[in-house]
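# Structure, please.
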Amino acid sequence: MALAQPGNPPSPPVVHLTSAPEIVFAAPRDACDGDDVPDAPARAFREAHGGVRLFGLHTKNRSLSGPDLGTLTIDCRPTLVSHGNADPAAYDDQSWITATWTRDGTIVDGLIHHEYQANQHPGRCRFADYMQCWFNTVLAARSTDGGASFVKDLHPVVASAPFGQEVGQGRHRGFFNPSNIVSDAPWLYVMASTTGWDGQPNGVCLFRTATPGDPQSWRAFDGHGFSVAFADPYKRRMQRQPACAPIGPFPAPVGSLVRRRSGGDWLAVFQAKADQTLFPVSGFYVASSRDLLTWSDPRLLLPGPTLYDDPCRSGGQLLAYPAILDRHDASRNFDQSGDDPDLYYVTLAVEGCTVTSRRTLLRRTLALGR
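Below is the predicted model:
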């Protein structure tokens, strides 16, 4: 069914952690090489033969695979290699597969969090700092071999700022960190974050498509309907780009979305830095929705300093990249949940003020109430 217009928000969800952390993947212990660190929320789908493939590592985009979510090991074949290309129009600097969708387990459409890191390319940025030079774009890629390899679309841009990376340097710009893709037939939906620009508020925007294999088919919600298309700024400059309307209580990217089989409401999990308003402490939060547009107030799930907090004050560890996956979910893309799914998340070891590559992907069982 199609989404309705925003309505009254539901009550905050009742969610509790009911188990101790269990290690899914630990770097460097389980890695093929130094590139294999958990660096994105866990994304999983069922392959054509019934096995499971999970993404959530670094820019060689290796996956974990196995017969089920409880039995996963790393596949050392890179699925999409980042080449550090200095040409921003090539969209081939640093890429993370951050969303997947498949109908048959063989053809897999993916969304990529692409970073143009201009500070790494001489003469491309007026600053030396990573964040001041960081330009993000959401791209599309496809696998025809069950996720063993991905190829970017010939015209890959799904969501971009309407200007090139040289504009507005001095802060992080663009669209980034797409959530997982979820289905509400005939549409597929995904959330993506933006820091905004003149005419575009910052926040989290909701996109939809009926044809995930066509990057240009994604449209963002403008406050009334799904009308906003974002073009490749290196191919078509726009005088004025229509804005998407930020939704939800989300101060940062949504880690994942899942629809509850009992009741049909949606659950979003995300991380937030303490702000003394909606987020009294830093940590992971959850919110619920009936329509993906109007969301409840957030409820704290797991307190702790997150990737958005000062690492110098972390006490030696940060939390990041929350996602909900139900090991009992029979759907192809793990976008549904019963009442006892698992929270997947990453802990990042900190030495002094430096976030290290010692990172662990963990899972803990949740109890979802009403």
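
# Could you give the average pLDDT over the lengthiest strand in the chain?
Longest strand in the chain, counting residues (DSSP state E): strand 354-369. For strand 354-369, mean pLDDT is 96.

# Show me the helices in the stretch 1-150 of the chain, by range?
130-133 (DSSP state H, counting those that start in this stretch).

# what are the ranges of the strands in it?
Along the stretch 1-150 of the chain, the segments classed as strands by DSSP state E, counting those that start in this stretch run 14-17, 22-27, 43-46, 52-55, 63-68, 71-75, 94-102, 108-117, 134-143.

# Tell me the strands beside the longest strand of the chain, with direction?
strand 14-17 (antiparallel), strand 22-27 (antiparallel), strand 342-351 (antiparallel) (DSSP bridges).

# What residues of the last one count as buried?
Translated: strand 342-351. Under the neighbour-count criterion of 16 or more other CB atoms under 10 Å, strand 342-351 has D342, L343, Y344, Y345, V346, T347, L348, A349, V350 buried. Any C-beta I mention is one placed from the backbone N, CA and C, and that applies to glycine too.

# just the shortest one next, same as before
Under the neighbour-count criterion of 16+ other CB under 10 Å, strand 14-17 has V15 buried.

# Can you list the neighbours in contact with that strand?
267, 286, 299, 301-302, 343, 364-370 (CB atoms under 8 Å, 6 or more residues apart in numbering).

# Going by neighbour count, which of those are buried?
Buried subset of the contacts of strand 14-17 (neighbour count, 16+ other CB under 10 Å): L267, V286, L301, L302, L343, R364, L366, L368.

# Redo these as TSV? Include distance to P249.
Listed next are the buried ones among the contacts of strand 14-17 as TSV, based on distance: CB to CB, whole Å:
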residue	distance to P249
L267	13
V286	10
L301	14
L302	17
L343	19
R364	23
L366	19
L368	19
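
# give me the low-pLDDT residue ranges for the chain?
1-7, 238-239, 370 (pLDDT under 70).

# Let me know the outermost residue of it.
Each residue of the chain has a distance to the centre, and by CA atoms, centre = their mean the biggest one is for G123: 30.2 Å.

# ok so, going back, would you mind saying which of the strands paired with strand 354-369 lies nearest G66?
Proximity to G66 (CB to CB) singles out strand 22-27 among those, at 10.5 Å.

# Distance from the chain centre to that closest one, please.
Taking the mean of its C-alpha atoms, strand 22-27 sits 19 Å from the chain's own mean (CA atoms, centre = their mean, to the nearest Å).

# Return the angle between stretch directions for that strand and strand 71-75.
Relative orientation of strand 22-27 versus strand 71-75 (axes from the mean of the first three to the mean of the last three CA atoms, to 10 degrees): 10 degrees.

# what angle do strand 22-27 and strand 63-68 make?
150 degrees.

# Would you mind writing the CA trace of strand 22-27 as PDB?
Only the C-alpha atoms of strand 22-27 are listed here, as PDB (Å, rounded to 0.1, in the frame of the first residue of the first chain):
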ATOM      1  CA  GLU A  22      27.900 -12.000  21.600                       C
ATOM      2  CA  ILE A  23      30.800 -11.500  19.200                       C
ATOM      3  CA  VAL A  24      29.900 -11.800  15.500                       C
ATOM      4  CA  PHE A  25      33.200 -10.400  14.000                       C
ATOM      5  CA  ALA A  26      36.300  -9.000  15.700                       C
ATOM      6  CA  ALA A  27      39.000  -7.000  14.000                       C
END
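
# what's in contact with it?
By CB under 8 Å, 6+ apart, strand 22-27 touches 36-38, 42, 57, 64, 72, 74, 344, 357-364.

# Likewise for stretch 40-52?
Taking CB under 8 Å, 6+ apart as the rule, stretch 40-52 contacts 24, 53-57, 65-69, 72, 96-102, 104-106, 108, 113, 146-147, 177, 179-180, 255-256, 321-323, 325, 332-334, 344, 361.

# could I get it in CSV with only the CA atoms?
Taking C-alpha atoms only, stretch 40-52 is exported to CSV below (Å, rounded to 0.1, in the frame of the first residue of the first chain):
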residue,chain,number,x,y,z
ALA,A,40,28.7,0.4,8.8
PRO,A,41,25.5,-1.0,10.1
ALA,A,42,24.9,-4.7,9.4
ARG,A,43,22.9,-5.5,6.3
ALA,A,44,21.8,-9.0,5.4
PHE,A,45,19.9,-10.9,2.9
ARG,A,46,19.1,-14.6,2.0
GLU,A,47,20.9,-15.9,-1.0
ALA,A,48,19.2,-18.0,-3.7
HIS,A,49,20.4,-21.3,-2.2
GLY,A,50,19.2,-20.3,1.3
GLY,A,51,22.4,-19.1,2.9
VAL,A,52,22.9,-15.6,4.4
